[in-house]
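Participant: okay, predicted coordinates and the sequence, questions at the end:
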Number of protein chains: 6
Amino acid sequence: MKPPFHQPVDAAQVPRFAGHSTFMRLPVVSNAEGLDIALVGIPWDGGTTNRAGARHGPREVRNQSSLMRRAHHVSGIAPFSVANVADVGDLSVNPIDLLDSLKRIEAGMTAIVRTGAIPLSVGGDHLTTLPVLRAVAKERPVGLIHFDAHSDTNDTYFGDNPYTHGTPFRRAIEEGLVDPKRIVQIGIRGSVYDPGEHDWAKDQGIRIIYMEEFLRRGAEDVMEEARRIAGDGPTYISFDIDSIDPSMAPGTGTPEIGGFSTREAQQMVRLLAGVDIVGADVVEVAPPFDLAGMTALAGATIMFELLCVIAGQVAAGRTVAGAT
Amino acid sequence: MKPPFHQPVDAAQVPRFAGHSTFMRLPVVSNAEGLDIALVGIPWDGGTTNRAGARHGPREVRNQSSLMRRAHHVSGIAPFSVANVADVGDLSVNPIDLLDSLKRIEAGMTAIVRTGAIPLSVGGDHLTTLPVLRAVAKERPVGLIHFDAHSDTNDTYFGDNPYTHGTPFRRAIEEGLVDPKRIVQIGIRGSVYDPGEHDWAKDQGIRIIYMEEFLRRGAEDVMEEARRIAGDGPTYISFDIDSIDPSMAPGTGTPEIGGFSTREAQQMVRLLAGVDIVGADVVEVAPPFDLAGMTALAGATIMFELLCVIAGQVAAGRTVAGAT
Amino acid sequence: MKPPFHQPVDAAQVPRFAGHSTFMRLPVVSNAEGLDIALVGIPWDGGTTNRAGARHGPREVRNQSSLMRRAHHVSGIAPFSVANVADVGDLSVNPIDLLDSLKRIEAGMTAIVRTGAIPLSVGGDHLTTLPVLRAVAKERPVGLIHFDAHSDTNDTYFGDNPYTHGTPFRRAIEEGLVDPKRIVQIGIRGSVYDPGEHDWAKDQGIRIIYMEEFLRRGAEDVMEEARRIAGDGPTYISFDIDSIDPSMAPGTGTPEIGGFSTREAQQMVRLLAGVDIVGADVVEVAPPFDLAGMTALAGATIMFELLCVIAGQVAAGRTVAGAT
Amino acid sequence: MKPPFHQPVDAAQVPRFAGHSTFMRLPVVSNAEGLDIALVGIPWDGGTTNRAGARHGPREVRNQSSLMRRAHHVSGIAPFSVANVADVGDLSVNPIDLLDSLKRIEAGMTAIVRTGAIPLSVGGDHLTTLPVLRAVAKERPVGLIHFDAHSDTNDTYFGDNPYTHGTPFRRAIEEGLVDPKRIVQIGIRGSVYDPGEHDWAKDQGIRIIYMEEFLRRGAEDVMEEARRIAGDGPTYISFDIDSIDPSMAPGTGTPEIGGFSTREAQQMVRLLAGVDIVGADVVEVAPPFDLAGMTALAGATIMFELLCVIAGQVAAGRTVAGAT
Amino acid sequence: MKPPFHQPVDAAQVPRFAGHSTFMRLPVVSNAEGLDIALVGIPWDGGTTNRAGARHGPREVRNQSSLMRRAHHVSGIAPFSVANVADVGDLSVNPIDLLDSLKRIEAGMTAIVRTGAIPLSVGGDHLTTLPVLRAVAKERPVGLIHFDAHSDTNDTYFGDNPYTHGTPFRRAIEEGLVDPKRIVQIGIRGSVYDPGEHDWAKDQGIRIIYMEEFLRRGAEDVMEEARRIAGDGPTYISFDIDSIDPSMAPGTGTPEIGGFSTREAQQMVRLLAGVDIVGADVVEVAPPFDLAGMTALAGATIMFELLCVIAGQVAAGRTVAGAT
Amino acid sequence: MKPPFHQPVDAAQVPRFAGHSTFMRLPVVSNAEGLDIALVGIPWDGGTTNRAGARHGPREVRNQSSLMRRAHHVSGIAPFSVANVADVGDLSVNPIDLLDSLKRIEAGMTAIVRTGAIPLSVGGDHLTTLPVLRAVAKERPVGLIHFDAHSDTNDTYFGDNPYTHGTPFRRAIEEGLVDPKRIVQIGIRGSVYDPGEHDWAKDQGIRIIYMEEFLRRGAEDVMEEARRIAGDGPTYISFDIDSIDPSMAPGTGTPEIGGFSTREAQQMVRLLAGVDIVGADVVEVAPPFDLAGMTALAGATIMFELLCVIAGQVAAGRTVAGAT
Ligand SMILES: [Mn+2]
Ligand SMILES: [Mn+2]
Ligand SMILES: [Mn+2]
Ligand SMILES: [Mn+2]
Ligand SMILES: [Mn+2]
Ligand SMILES: [Mn+2]
Ligand SMILES: [Mn+2]
Ligand SMILES: [Mn+2]
Ligand SMILES: [Mn+2]
Ligand SMILES: [Mn+2]
Ligand SMILES: [Mn+2]
Ligand SMILES: [Mn+2]
């Protein structure tokens, strides 16, 4: 029997501009118990070295997610019909203390993961992915499919600061949270501090697919490789909105021209189907730099695309389980 | 014994940019039972003849109300300590049907009023005040203190349309909802369609205090007269954000230069203390025309000022009741 | 002998920022008599269920159309040399009454059509296309080439409202104004309320070319099919600006990421040559949500592209007629 | 018998967002014959030394003037009932040639003045006032009431350039167009290049009322002096929008904080009644720097205020003439 | 003999939009040796608990300061003629480490103070004033004239964080950097967390002049008291841009409606003449929230006003010294 | 031995939002002596016939160039390691005098060229390229690779004005500064004044690659032809930012939809490697029309791409020279 899944508010009863602003117009629940997928905000940008503002991301992505509807027009997946999804609110953060924030985020995410729900979060800057991985990958390293203009595998900053939004994946490798052989980074571009800036990452076994390679090969070919790299094991998906072109996502801290079109980004996310996703995020939406909610809309739509892929995975699992 | 009043989220636990966006960061409740004051949105602008957009008002006023704190620095009133206040959500509206919307708003507001809670609503365009008055003044006509750049007592539009945001108070008088002898309109200004445009209103007994008179007399003198006109009877307060100058409230449909400063508006609202307020609203905040959330912030702050005045009235009543 | 065609103001005599703001800087005429092509505004958005604002579209498209020049650089068509074109102003609308507006628009458009002029209009929301079709297709159903992110073939809204900008083409089919077998919709994308949302449209025989199919096939292939579907009969062209990506056309009510680039849109419009066009429109330009006039510029340029195609058709007919 | 005056489009027949964008929604006429007052644009900013953009002023002021109505709510003057007013379009200018533009503007304005119509123009930068004065003061020097943050009586720029928007009134004095003893400048403020920068102006007899003096004395007192200085002779009114505070008029080239409120500006313009006005302008509205049309709205409203004062003067003259 | 003072670039040689962007278009120097007044940026906002962005303040204030000229039109002071002033650049900060930043700012400011130059800095959030005071008040406590919407004397945040932009003056009192009896805070307003929120400050002897008291008394009376409180001793001036109304200074983190007009702010700064100023700052200009550079322009102009007052003080001292 | 090249400020010592705003955060030098490449601004837009603003281009491009880093991630070129590069400031211009400005720009650029440095400039409108060519091509005509939406080979304007931003390359050919057989224009599109508008250019031998041809052939093929046309001789590169699509570069005077993506633009610039570049520019960045700094960022990045290509050429020459 189909469980009583949470449903978004019906737009033919409550117009999209009315009602409370939650992810996908879903109910707010106090914890993730019973959920298949937990939508959650991480409003923190203390790891940002230049243009902060991603702390305001979850609120504006919630707002623009009011434009999402019930089903995916390509895959036909209706996520709220096949999976129990809700908005579990924002994780606790400390706007004035980096280390405390990392602890709070890890704790909040651990509480979600323990219920068995798959977390789909909205940042926050990219450093928030580190404590998320500490929660998601507590038991074993995970694979990583990472969309970004930047590799985010720098070492330190301003002398010896190990934690910024330019370093999360170096820390995650060092902490054994991700298996570098199962990491693929897609869309990397823009000037670098040093011609050898990505050598460490490559030495670890990370596969960097620069934007220029993507342009030559196209989304299907690239994503086939990405799925192969991630393999069958548990995999985390991290989507930095700055992978998308600044004309389509101006509201971000480190824009780099020459980025993905939203069409390409959507196509790539759809091609994640089949990956064993244990968590996903959309990060670096910085509303103070946004125009007309454009970046928040792109973030909300990518979130919906990810939700549909994960819901498809949940549905497949549910079917199998129901079959026994 | 002090009842278990609803409390806003603590900004020292959850930063202002985090958490769900509700009026004053208060809990959302499903109905007004047990409340002293019900904060409510009316997201509808179907009465707007030129620049629509006030339908988006409640959402953005909720957002900016996250900057409000717990106590008023002049009156010392801490509204959430002396009154039970919550966000009861948005009233049901029909974005495509004017008459149906008027019915829905009246019904939704009637349900609030019946609980004994005082409604403090955020529009929506000024036509929304008509169905609110139908609910609030069901039993007897009320007085009206009305801040606006416009008298809103026109008759019809485009031939015979009786319902627009330029006509609510003419209709309210015709329907016996307000006592024209107990109406004062403050801040009226701007060009008119006809030199005699306000004659009907004046003939009914409405007292119009044009902006020019306000400038000569000042807020204290004007508000003393306003309180005298409203008298001891039940009175409704309607605050059209376009009464404030467009430089401070650009996000509105019918801007008129030469308006109130926010300081003057705040001073006038504070001087409402002593009036028997049975309901209040802030209308015509139109976010698509706003700049940097400035109008929504002004609207949220005026709402907080009104809340403090009403909470003071509730507290006074509670004390008296408690004294018996 | 070449008739005395109307000419745009010369930019080397009157700078583009000077002079009155009319479509293509053409003269304003009081009616369509003697025109081959009538440029007309329909400033009404009463069918909009979420973000209104398209009522302001004609004014801003007129403004941006001041950047258009006299000839098309690809086709070489100089529309004002081969066809008599003018700005006939805006149709009469009633901002407060949906049914009255539908009647006024139909009447205004009927007056244009009766002169033999081909109408090229700028909305207004997409519901305005329904009364336009009532005028254009009075005598026989027409074909339809429809560029949009949405199918706009929903049935009702908020219970039983039959008329919104999500329903015009369902109504047009029911009223026999368009031949569903001769309808093609291009660019449809975005989440849907139901996986079967488009079943009714497909059952009628409408050909929906989703964005994903467009991406695989390209503009030439798709437009070849579109011309085949429209066939030799009279055909209407409807261009919803939200078919274009929100980064290029942010000023619209229902943005969907992953849209057409303006290049693709221009290419498709140029490939309409050969279709028997009896009318065309550009709709859903909503200036309150626009950035830097970008959407109005896109709308004005698409309008110019359509004008050149229609002028080419007029010129061909004139030649044939002149040959007899 | 009352002549058939031109009338604005009726907003209850054609909504304010519809119809062509003309000054006050009046008809466009090809020349000033028969007019009492000619509304005219001067779209030229070639005299601007820092932030250009006032060339776009007339178009946006026309747009915002659609919010003006038929009568003044304080004076009761209904300008279109007592004077024949129309939009005579924009004067010819040359965007690339300063001296040619000065000639064209003078010629265009001379054509207006010769008909007997009083010109009320919208710039354009403040240098445009020089050729206007050459036309208006051809026969005899005029008085000048000048609202501005700047004295605009500098001598040369970049060596020996005599013509910039910082020099028009020095040139006008030198050319005998204005009587320096009958000049008053109100609102002057902001840092200066030299402590003695205004000495030349004062030596000529110009009365400079700095903002600080205005603050002490108030509008009534200041304007009484201004009227006394202008005296009974023919007087020109020049209103630089930068006299208003940048928060209310951000769209201008040389903003200076601490300016007039729009209320003060309106009050001063109303107190011009009684002056023998032979022409007036509103200049330096620069839309590329504007926010939400705020500056253009202020400009349009000041234009309406000036129009009402001039119409009152026309009406008085008409009455006298009619009495003989 | 007059020393070879640094001079701003001449606007009649290099237009204001050209040349490098420095404070007041002055030369950049590598340290403060030989300067009377050192203009300096402190680009850091790590103490901001809600809307960050003041880190970008110095760059935009430099940009807008290009509109300042050479002399003050009221006082007649020409600062660059009577004092040696230059742009000494930005202090070193660490965007990712609060405590390290406080040390760096103190060190940088100490280096300036040791040269004998008076620092006039642009923040940065208000926490930057704490390390500045540590440098300026190393030897003895100073007085403080503090313009702000907020008292900034809170204790801790998020449990036990002692350092935020809401706490600098509590810390400064505890550290003996300021004499609480010689502190006056002007413009305080807005809702508070607790009715007794300012009790601690008042208990220390701080004089809080709320906005409402200012409105009753006016600038002259208030500043007379402020000068009396500061007395003859060394005094620091701290100007939080949020003391100004959000319509005139929207680009700030914690806007409160009902603020000072820029006219009032300018008047108050001018009335600082006579105070023994040992340092001054303008803080909380947050460009990501600004509109059209309006806040940065207000900040730059207040900075110029402060500069003129301090230059007057330098000139007076120089005269006295020269007299011996 | 490697000469002591100028280096940008280290972002790990001085955050990107801190420090003075110079091209690429390089030192400012007073002249080009000793430089391999001179970065220079030309803040002048007196040749603009419609929407001026490019005079503000250099300042904002400097600002956004703070996001550039030290090395190119595709070519691996680290320009500051292989070439001596610095910011030589802005050339002298006269904002009020066209002919004087052309002389000043030529003189300033001649001084740079004489040192042997290769100039890489930022305009300014496209007319600035004419005096630059007068300096660069003093000795012999050069080839030209020209990216633009417009051919800029018109003859005169407003009668007989020979100098506007629509005419520089016609003048350059007439003056013998460029060899028309070695000119290629890429990206030309948009409506034209006359179907034969480009006939003169083509008759001279200019190769025009319209946008539509580019779309069919792609960047590699087109650039191979461009390099062939330019040949081995000295060649100038001129990049009009309006060649990029308005969604990615809205801040420009003459936007034309359907432009290059930034990816395509970057790819084309990279394919300039091998051309003998004697100078290059990025023009028509007009900040008053920009959104969120997007156009200035695109301009800064294209400038960095050009810099890397030129630095590669310098390095190659240095190696060869060193080898002898
Ligand atoms: Mn990242
Ligand atoms: Mn990134
Ligand atoms: Mn109203
Ligand atoms: Mn109103
Ligand atoms: Mn549609
Ligand atoms: Mn659509
Ligand atoms: Mn002026
Ligand atoms: Mn001025
Ligand atoms: Mn503060
Ligand atoms: Mn503050
Ligand atoms: Mn060009
Ligand atoms: Mn161009």
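Facilitator: It's in. Quick caveat: nothing in here was measured; it's all calculated off a predicted structure. Ligands and ions are numbered 1, 2, ... in the order given.
Participant: could you use CA atoms for every contact and neighbour count after this?
Facilitator: Fine.
Participant: how many neighbours does A:Glu33 have?
Facilitator: By the measure other Cα atoms under 10 Å in any protein chain shown, the count of residues near A:Glu33 is 16.
Participant: swap that for A:His198, sorry
Facilitator: The local packing of A:His198 (other Cα under 10 Å) involves 19 other residues.
Participant: what's the longest helix in chain A?
Facilitator: Across chain A, the longest stretch assigned as helix under DSSP state H is helix A:294-323.
Participant: run the chain-centre distance for that helix.
Facilitator: 12 Å (Cα atoms, centre = their mean, to the nearest Å).
Participant: likewise for stretch A:227-235?
Facilitator: Taking Cα atoms, centre = their mean, one finds stretch A:227-235 lying 17 Å from the centre of the chain it belongs to.
Participant: residue ranges of the strands in the stretch 51-200 of chain A, please?
Facilitator: Applying DSSP state E, counting those that start in this stretch to the stretch 51-200 of chain A gives strands spanning A:85-90, A:118-123, A:142-147, A:178-188.
Participant: how about these in JSON lines, adding distance to E:Gly143 and mean pLDDT?
Facilitator: Shown next, in JSON lines, are the strands of the stretch 51-200 of chain A (distance: least, Cα to Cα, whole Å; pLDDT from 0 to 100):
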{"stretch": "strand A:85-90", "distance to E:Gly143": "43", "mean pLDDT": "98"}
{"stretch": "strand A:118-123", "distance to E:Gly143": "43", "mean pLDDT": "98"}
{"stretch": "strand A:142-147", "distance to E:Gly143": "54", "mean pLDDT": "98"}
{"stretch": "strand A:178-188", "distance to E:Gly143": "53", "mean pLDDT": "98"}
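Participant: reformat these as a markdown table; add distance to F:Arg16.
Facilitator: Shown next, in a markdown table, are these (distance: least, Cα to Cα, whole Å):
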| stretch | distance to F:Arg16 |
| --- | --- |
| strand A:85-90 | 30 |
| strand A:118-123 | 22 |
| strand A:142-147 | 24 |
| strand A:178-188 | 20 |
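Participant: switch those strands over to TSV; also include distance to F:Gly317 and mean neighbour count.
Facilitator: As requested, those are arranged in TSV below (distance: least, Cα to Cα, whole Å; neighbours: other Cα atoms under 10 Å in any protein chain shown):
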stretch	distance to F:Gly317	mean neighbour count
strand A:85-90	58	26
strand A:118-123	48	27
strand A:142-147	39	26
strand A:178-188	31	23
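Participant: show me how far stretch A:176-189 is from its chain's centre.
Facilitator: Taking Cα atoms, centre = their mean, one finds the center of stretch A:176-189 at 14 Å from the center of the full chain.
Participant: is ligand 2 within reach of it?
Facilitator: No - Stretch A:176-189 lies apart from ligand 2 when judged by Cα under 5 Å from the ion; the minimum separation is 8.3 Å.
Participant: picking up where we left off before, could I get the buried residue list for the longest helix of chain A?
Facilitator: The neighbour-count check on helix A:294-323 (16 or more other Cα atoms under 10 Å in any protein chain shown) flags A:294-315 as buried.
Participant: ditto for stretch A:164-183
Facilitator: In stretch A:164-183, counting by 16+ other Cα under 10 Å, buried: A:164-173, A:176-183.
Participant: can you check stretch A:198-206 too?
Facilitator: Neighbour counts over stretch A:198-206 (16+ other Cα under 10 Å) mark A:198, A:201, A:206 as buried.
Participant: how about the helices of chain A, start to end?
Facilitator: Ranges of helices in chain A, per DSSP H, are A:57-64, A:79-82, A:98-114, A:129-136, A:168-174, A:199-204, A:211-217, A:219-230, A:262-270, A:294-323.
Participant: once you drop chain neighbours, what's closest to the closest residue to ligand 6 within chain A?
Facilitator: Nearest residue of chain A to ligand 6: A:Leu67, at 12.6 Å (Cα to the ion). Sequence neighbours aside, A:Arg16 is the residue nearest to A:Leu67 in space, at 6.8 Å (criterion: Cα to Cα, 6 or more residues apart in numbering or on different chains).
Participant: how close does the one you found sit to C:Asn50?
Facilitator: 6 Å (Cα to Cα, to the nearest Å).
Participant: again, but for A:Lys202
Facilitator: The spacing between A:Lys202 and C:Asn50, counted by Cα to Cα, is 48 Å.
Participant: equivalent analysis for A:Asn50, please.
Facilitator: In terms of Cα to Cα, A:Asn50 sits 36 Å off from C:Asn50.
Participant: same question for A:Tyr236.
Facilitator: From A:Tyr236 across to C:Asn50, the span is 35 Å (Cα to Cα).
Participant: higher neighbour count, the two?
Facilitator: Neighbours per residue, other Cα under 10 Å: of A:Tyr236 and C:Asn50, the larger number sits with A:Tyr236, 27 against 19.
Participant: okay, and the helix or strand of chain A with the least pLDDT?
Facilitator: Lowest on mean pLDDT, DSSP states H and E among the helices and strands of chain A sits helix A:294-323, with a mean of 91.
Participant: ok, that one near chain C or not?
Facilitator: Yes - judged by Cα under 8 Å from any Cα of the partner chain, helix A:294-323 comes into contact with chain C through A:294, A:297-298, A:301.
Participant: and that helix, anywhere near chain F?
Facilitator: No - on the criterion Cα under 8 Å from any Cα, helix A:294-323 is out of touch with chain F, staying 12.0 Å away.
Participant: circling back: list the residues that contact the residue nearest to A:Leu67.
Facilitator: Going by Cα atoms under 8 Å, 6 or more residues apart in numbering or on different chains, A:Arg16 touches A:66-67, C:50.
Participant: rerun at 10 Å
Facilitator: For A:Arg16, the contact set (Cα atoms under 10 Å, 6 or more residues apart in numbering or on different chains) comprises A:9-10, A:25, A:63-68, B:56, C:49-51.
Participant: below-threshold pLDDT in chain A: ranges please.
Facilitator: Filtered on pLDDT under 70, chain A yields the residue ranges A:1-3, A:320-324.
Participant: near ligand 4, which residues of it show up?
Facilitator: For chain A, no residue is in contact with ligand 4 (Cα under 5 Å from the ion).
Participant: I'm done for today, thanks for sticking with me.
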